[in-house]
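Visitor: Could you work out the structure for the sequence below:
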Amino acid sequence: MRAIEALEEAQKIAFAPFVFQATVSLRKLGIFDFIFDKRDEGGATIEEISEGLSLSAYGIGVLLEIAESSNLVDKSEEGKYELTKVGYFLNYNTTANANINFTNDVCYKGLFHLSDSIVKGKPEGLKELGNWKTIYEGLSQLSPEAQKAWFDFDHHYSDNIFEEALQLVFQSKPKVLFDIGGNTGKFAIQCCKFNQEILVKIVDLPGQLNKALANAKSNGFEDRVSGQEIDWLSESPKIPKGADQIWMCQFLDCFSEEEIVKVLRTCVASMDASTELRITETFTDRQKFDNAKFILEATSLYFTVLANGNSKMYSSRVMMRLIDEAGLRIEEDIALGEYHTMLVCKKK
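Guide: Modelled structure (predicted):
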């Protein structure tokens with residue numbers, strides 16, 4: 001890279017928040033949509049957008065100028081703007097949509113406190129959302145906009161694997177399944193729909209557990225889905241015995257390495273020789289594409305500044321070491337969907 005090119009990249013990073021917020025505004029104000037709807041006419045001018053959306057030509061102009069410089073839109077000699085491929089994906093791609101809303105509605109203000117979080121080892125940015133030690137305590141109390149963005153982000157990277165995962169989970173014909181960190185109860189409900197006899201116990205913090213059980217009830221599964229409140233950061237967390245399968249998806253990345261071993265040892269204490277513990281995660285070293293690895297590494301900063309201050313997205317190598325340390329052996333190592341790995345573990 002030549003010096004002038006390196007300097008250009010440096011300036012893009014220096015003003016990255018400006019480009020991001022301009023993108024959010026172009027989406028939220030409907031400008032991207034308006035331009036795309038006019039694609040058969042070669043795009044739209046600032047005046048046409050201003051009249052169509054009842055926005056000032058000045059405001060539209062400053063947004064589209066930075067958008068053009070950032071390769072989000074192209075401008076014709078006639079002054080008409082069209083979306084580039086980048087602009088199109090930013091407005092219409094489901095993954096980009098989940099990522100943008102999560103960044104803007106959950107993380108943006110908190111990221112200002114990243115340096116303090118690194119120094120203190122605590123999620124110093126969380127105070128921008130509420131007064132909790134970790135974000136998990138406050139999920140049920142987030143603003144509707146932030147709560148929706150958080151769950152949409154979480155579900156986007158897990159929902160697509162449920163169908164494939166259920167086929168694997170029920171190969172051994174389990175009768176009782178523990179769903180660790182059940183969130184809104186989506187997986188528990190899917191289990192009940194998939195198998196008419198399965199009993200599911202959701203183990204989670206009180207706020208999430210109440211929401212999950214309410215969702216299970218509204219789906220008619222209150223007799224088959226039960227719950228247990230737990231604080232994994234307490235001195236001696238315990239879960240009952242009796243599970244044929246213990247399921248945890250995108251859960252262990254919410255803890256530090258030391259805490260992961262604690263969680264897994266708690267599960268080991270409840271397991272017998274036949275119990276299967278299925279750990280499903282998105283490992284940084286198992287992504288096919290660089291952009292997926294980039295997303296995971298960015299998500300690690302969310303854990304640092306907002307979630308808990310000490311967890312991250314892990315590599316498979318680290319997770320395997322922690323699994324072994326906790327007293328488990330890996331029976332199967334399965335690629336799942338586009339991003340995930342399922343590790344099927346049994347007690348040593």
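
Visitor: Secondary structure element for the most centrally placed residue in the chain, which one?
Guide: The residue at the geometric middle of the chain, judged as the C-alpha nearest the mean C-alpha position with CA atoms, centre = their mean, is Asp154 (3.4 Å). Following DSSP states H and E, the helix or strand that holds Asp154 is helix 144-156.

Visitor: Could you list every helix and strand in contact with that helix?
Guide: Based on contacts counted as 3 or more CB pairs under 8 Å, 6 or more residues apart in numbering; DSSP states H and E, the elements that helix 144-156 packs against are helix 94-102. Where C-beta positions appear, they are placed from N, C-alpha and C, glycine not excepted.

Visitor: mean confidence for the helix it packs on?
Guide: The average of the pLDDT scores along helix 94-102 is 96.

Visitor: if I look at the residue nearest to the centre of the chain, how far off is Gln147?
Guide: The span separating Asp154 from Gln147 equals 11 Å under the rule CB to CB, to the nearest Å.

Visitor: Spit out the contact partners of Glu197.
Guide: Taking CB atoms under 8 Å, 6 or more residues apart in numbering as the contact definition, Glu197 lies against Lys175.

Visitor: how about 10 Å then?
Guide: Neighbour list for Glu197: Lys173, Pro174, Lys175, Arg224 [criterion: CB atoms under 10 Å, 6 or more residues apart in numbering].

Visitor: from those, which single one is nearest Ile49?
Guide: Within the contacts of Glu197, the smallest distance to Ile49 is 52.9 Å, found for Arg224 (CB to CB).

Visitor: For that closest one, list the residues it contacts.
Guide: With CB under 10 Å, 6+ apart, Arg224 has these contacts: Ala188, Ile189, Cys191, Cys192, Asn195, Gln196, Glu197, Ile198, Leu199, Val200, Lys201, Ala216.

Visitor: From those, list just the buried residues.
Guide: Of all those considered here, the ones buried according to neighbour count by 16 or more other CB atoms under 10 Å are Ala188, Ile189, Cys191, Cys192, Asn195, Ile198, Leu199, Val200, Lys201, Ala216.

Visitor: Okay, and which of these map to strands?
Guide: Secondary-structure check on the buried ones among the contacts of Arg224 using DSSP state E: residues within strands are Leu199, Val200, Lys201.

Visitor: Tell me how far the last one lies from Gly87.
Guide: Distance, Lys201 to Gly87, using CB to CB: 46 Å.

Visitor: And for the first one?
Guide: Leu199 sits 49 Å away from Gly87 when distances are taken as CB to CB.

Visitor: and what of Glu164?
Guide: Between Glu164 and Gly87 the distance, using CB to CB, works out to 33 Å.

Visitor: between the two, which one's more packed in?
Guide: Neighbour totals were compared for Glu164 and Gly87, and Gly87 leads with 24 against 14 (other CB atoms under 10 Å).

Visitor: roughly how far apart are the residue lying closest to that one once chain neighbours are set aside and Ile334?
Guide: Excluding its sequence neighbours, the residue lying closest to Gly87 (CB to CB, 6 or more residues apart in numbering) is Leu72, at 4.0 Å. Taking CB to CB as the criterion, Leu72 is separated from Ile334 by 39 Å.

Visitor: Neighbour count for those two, which is higher?
Guide: A count of neighbours by other CB under 10 Å puts Leu72 above the other of Leu72 and Ile334, at 25 against 14.

Visitor: contacting residues for the more buried one?
Guide: Applying CB under 10 Å, 6+ apart, one finds that Leu72 lies in contact with 19, 22-23, 26, 32, 63-64, 66, 81, 83-91.

Visitor: and the helix holding Asp154, average pLDDT?
Guide: Regarding helix 144-156, the rounded mean pLDDT is 93.

Visitor: Can you name the secondary structure element that comes next after it?
Guide: helix 162-169.

Visitor: Helix or strand next in line after that next one, which one?
Guide: Following the chain from helix 162-169 toward its C-terminal end, the next helix or strand by DSSP H and E is strand 176-180.

Visitor: That next one to helix 162-169, inter-axis angle?
Guide: Interaxial angle of strand 176-180 relative to helix 162-169 (axes from the mean of the first three to the mean of the last three CA atoms, to 10 degrees): 130 degrees.

Visitor: quick revisit: what's the overlap in contacts for Asp154 and Gln147?
Guide: When contacts are counted by CB under 10 Å, 6+ apart, the set common to Asp154 and Gln147 consists of Leu139.

Visitor: Which of the contacts of Leu72 fall in helices?
Guide: Among the contacts of Leu72, the members falling in helices (DSSP state H) are 19, 22-23, 26, 32, 63-64, 66, 85-91.

Visitor: wait, which of these is closest to Leu111?
Guide: Out of the ones in helices among the contacts of Leu72, the one with the shortest distance to Leu111 is Val19. That distance is 15.0 Å, counting by CB to CB.

Visitor: How about that closest one: what's its closest non-neighbour residue?
Guide: Taking CB to CB, 6+ apart as the measure, Val19 lies nearest to Ser70, with 4.9 Å between them; neighbours along the chain are not counted.
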